[in-house]
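Novice: okay, structure incoming, though there's no sequence with it:
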């Protein structure tokens with residue numbers, strides 16, 4: 001009698017706990033927004049061309065997808081930790097700005113881990129609070145300024161507003177990040193070449209520059225340039 005050979009079961013691929021939490025939020029968002037699979041894949045493809053599944057997205061892209069769902073009306077519910085002491089504050093503009101700056105540092109090749117856990121460690125060192133959601137207004141200001149200073153020091157980001165005419169100024173931090181990324185990628189190149197890249201990036205047939213990007217286009221550009229910056233620096237793609 002021929003003995004039957006047992007086929008060894010393939011080990012399950014482990015999912016990082018942070019990514020697993022992001023997957024959970026995405027599933028909740030799909031249900032809350034009433035998205036079927038086709039609409040869900042279309043959104044991913046529009047934000048990240050060439051990709052149609054969450055498993056194809058990097059951690060920062062998963063965060064970006066959730067932020068996009070928030071712009072569509074998704075309101076994630078947060079569990080308040082069962083701990084004594086300082087109460088968790090509701091996430092607001094300051095918390096979102098802190099997270100956006102942290103992700104920007106990732107796309108500038110300054111930090112290697114864009115996760116909430118890594119950000120929490122930074123917040124702990126700067127403001128001695130355990131979580132972004134526990135920051136007071138004073139804590140938020142301190143952390144935001146520390147992140148901006150780090151981006152300037154490590155990646156040359158110029159946060160100053162743009163001068164429009166003689167007396168008007170306008171803030172556009174996304175454009176400032178794109179410019180810093182371009183300088184990293186093209187240290188000896190003309191900054192004017194950025195306009196040609198921007199036009200090609202969005203497939204425009206008319207003259208334009210990164211200044212004309214919508215917020216979504218700018219976020220996509222930062223994501224794309226971030227991949228190139230990290231590849232140049234030998235970091236995660």
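Specialist: On my side now, so go ahead. Not measured: the values here are computed from a predicted model.

Novice: can we go C-alpha only for contacts and neighbour counts from here?
Specialist: Will do.

Novice: ok, and the closest non-adjacent residue to the residue at minimal distance from the centre of the chain?
Specialist: In the chain, the residue lying closest to the centroid (CA atoms, centre = their mean) is residue 103, at 4.1 Å. Spatial nearest neighbour of residue 103, chain neighbours left out: residue 114 (5.7 Å); criterion: CA to CA, 6 or more residues apart in numbering.

Novice: how about residue 119?
Specialist: Nearest residue to residue 119, sequence neighbours excluded (CA to CA, 6+ apart): residue 102, at 6.9 Å.

Novice: so what's the residue count around the one you found?
Specialist: 25 (other CA atoms under 10 Å).

Novice: got a list of what it touches?
Specialist: Counting by CA atoms under 8 Å, 6 or more residues apart in numbering, residue 102 makes contact with 114, 119, 147.

Novice: mind giving me the domain split of this structure?
Specialist: Per automatic domain parsing, the structural domains of the chain span 17-71, 93-155, 172-233.

Novice: all strands of the protein, in order?
Specialist: Using DSSP state E, the strands of the chain run over residues 162-164, 168-170.

Novice: and those: which comes nearest residue 40?
Specialist: Closest to residue 40 of the strands of the chain is strand 168-170 (CA to CA; 34.8 Å).

Novice: contact partners of the closest one?
Specialist: For strand 168-170, contacts defined as CA under 8 Å, 6+ apart pick out 161, 162, 163, 164.

Novice: follow-up on the earlier one: deepest of the domains of the chain, which one?
Specialist: domain 93-155 (a mean of 19; mean count of other CA atoms under 10 Å).

Novice: run the chain-centre distance for it.
Specialist: Its chain's C-alpha centre and that of domain 93-155 lie 12 Å apart, by CA atoms, centre = their mean, to the nearest Å.

Novice: end-to-end on it?
Specialist: 24 Å (CA to CA, to the nearest Å).

Novice: what mean pLDDT does that domain have?
Specialist: In this model, domain 93-155 has an average pLDDT of 92.

Novice: same check on stretch 188-196?
Specialist: For stretch 188-196, mean pLDDT is 79.

Novice: name the surrounding residues that touch that stretch.
Specialist: The contact list for stretch 188-196 (CA under 8 Å, 6+ apart) reads 179, 182, 183, 208, 209, 210.

Novice: stretch 55-65 now?
Specialist: Stretch 55-65 has contacts (CA under 8 Å, 6+ apart) with 19, 22, 23, 26, 44, 47, 51, 54, 103, 114, 115, 223.

Novice: repeat that with 7 Å
Specialist: 19, 22, 54, 103, 114 (CA atoms under 7 Å, 6 or more residues apart in numbering).

Novice: residues in contact with residue 107?
Specialist: 222, 223, 226.

Novice: of the strands of the chain, which is nearest residue 38?
Specialist: Of all these, strand 168-170 sits nearest to residue 38, with 38.8 Å by CA to CA.

Novice: could you find the closest non-adjacent residue to residue 41?
Specialist: Among residues not flanking residue 41 along the chain, residue 52 sits closest, at 4.9 Å (CA to CA, 6+ apart).

Novice: quick one, phi/psi of that neighbour?
Specialist: Note on residue 52: its backbone torsions stand at phi -130, psi 0 [degrees, to the nearest 10].

Novice: for residue 203, same thing?
Specialist: For residue 203, the backbone dihedrals are phi 70, psi 40 (criterion: degrees, to the nearest 10).
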